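Asks: what follows is a predicted structure for the sequence shown.
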Amino acid sequence: MFDRGIEIKTRDQIESMRAAGLVVGQTLELLRGSAVAGVTTAQLDAIAHDFIRSCGATSNFLGYHGFPGVICTSVNEEVVHGIPGPRVLRDGDVLSIDCGAIIDGWHGDAATTVAIGEVTDADLGLMQATEEALWRGIGAAALGGRVSDISHAVETTIQAAGPYGIVEGYTGHGIGSAMHQPPNVANYGRPGRGPKLVKGLALAVEPMVTMGTDETRTLADDWTVVTADGSRAAHYEHTFTLTDRGAWVLTALDGGAARLAELGVPYGGH
Ligand code: MG
Ligand code: MG
């Protein structure tokens, strides 16, 4: 059912999204262990492809507007949408992996950033700030609230963490029977704005944060988004929904229970 362009899912449909989300979460967990120096991003893509298929799921990335991979691999100054290929990961690289899957027509979408070998404290700080912003964004969502409550929490968390750039040209999004649906979920903004947060809404929240300015450009491959100043970037994403009891992070293996508890946010999954 759609309400003003926003898809409202039934409990059964949310359960299918949880099944898809678990495939995404498990794929990212597998890739986290496989992403080491000497491995190519194409090898990671092949691992993800095999695993998603073995789960009885399909990839929503492969063929999306012609995208050639089942994951996006974005290294160092690459922010998002990097294409897997012959690039060999090296010690000290920072790799963002974005992954999605479909089960019974319902979508999951999540991303994480992985340190390859030994990275600098500055890199770790960037990664931690971005992941923290993701969770605080989800934690700021409550039934009856507004979409920009999430945006505001993401922005203020990053601003409090350091002089980082918050990429504004790409946003989180609604998700359900398609990967990208209304509403957009910006990573900045005043709270209390945008569509109401209601039961059956599912959103992908995905802060993209840089060590420098927020300016980006797209490479000649028409996909890879890089920072304009060459500074490194991090990207984390989860798909979540709100139940009567609280937030349920559909792409987190534990449904988000542990991280939400740390934030004092009620867990809404089962
Ligand atoms: Mg994604
Ligand atoms: Mg997304």
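Replies: In hand now; what should we look at? Residues are numbered from 1 along each chain as shown. Ligands and ions are numbered 1, 2, ... in the order given.

Asks: burial measure for Gly172, as a count.
Replies: 27 (other C-beta atoms under 10 Å). C-betas here are computed from N, CA, C, even on glycine.

Asks: list the contacts for Thr58?
Replies: Ile52, Ala101, Ile102 (C-beta atoms under 8 Å, 6 or more residues apart in numbering).

Asks: work out for me the element the closest residue to ligand 1 within the stretch 101-250 of the chain sits within.
Replies: Closest residue of the stretch 101-250 of the chain to ligand 1, C-beta to the ion: Asp109 (4.2 Å). Assigned by DSSP states H and E, Asp109 belongs to strand 106-115.

Asks: so what touches the helix or strand just after that strand?
Replies: Next in sequence after strand 106-115, counting helices and strands by DSSP H and E, comes helix 121-139. For helix 121-139, contacts defined as C-beta under 8 Å, 6+ apart pick out 94, 112-113, 115, 150-151, 153-155, 157-158, 161-162, 164, 185, 187, 205-211, 232-238, 240, 247, 249, 256, 259-260, 263, 265.

Asks: mind checking which of those residues are in strands?
Replies: Taking DSSP state E as the definition of strands, those contribute 94, 112-113, 115, 185, 205, 208-210, 233-235, 238, 240, 247, 249.

Asks: give me the buried subset of those.
Replies: 94, 112-113, 115, 185, 205, 208-210, 233-235, 238, 240, 247, 249 (16 or more other C-beta atoms under 10 Å).

Asks: filter the residues you listed down to the ones near ligand 2?
Replies: Applying C-beta under 5 Å from the ion to those, one finds that nothing falls near ligand 2.

Asks: need the residues of this structure near ligand 2, please.
Replies: Asp109, Ala204.

Asks: what ranges do the helices span in the chain?
Replies: Assigned by DSSP state H, the chain shows helices spanning 11-34, 41-54, 121-139, 147-161, 257-263.

Asks: how about the third one against ligand 1, any contact?
Replies: Right, helix 121-139. No - using C-beta under 5 Å from the ion, helix 121-139 never reaches ligand 1; the gap is at least 11.7 Å.

Asks: buried residues, that helix. List them.
Replies: Buried, per 16+ other C-beta under 10 Å, within helix 121-139: 123, 126-127, 129-139.

Asks: list the contacts of the residue of the stretch 101-250 of the chain closest to ligand 1.
Replies: Here Asp109 is in contact with Val24, Asn60, Asp98, Cys99, Gly100, Ile175, Met179, Ala204, Glu237, Thr239, Thr251 (C-beta under 8 Å, 6+ apart).

Asks: ok, what's across the strand from it?
Replies: When assigned by DSSP bridges, Asp109 has beta-bridge partners Gly100.

Asks: what do you get for the one 4 residues further on?
Replies: Going by DSSP bridges, Thr113 is paired in beta bridges with Ser96.

Asks: quick thing: my sequence starts at 56, can you match it?
Replies: With 56 as the first residue, the last one maps to Thr168.
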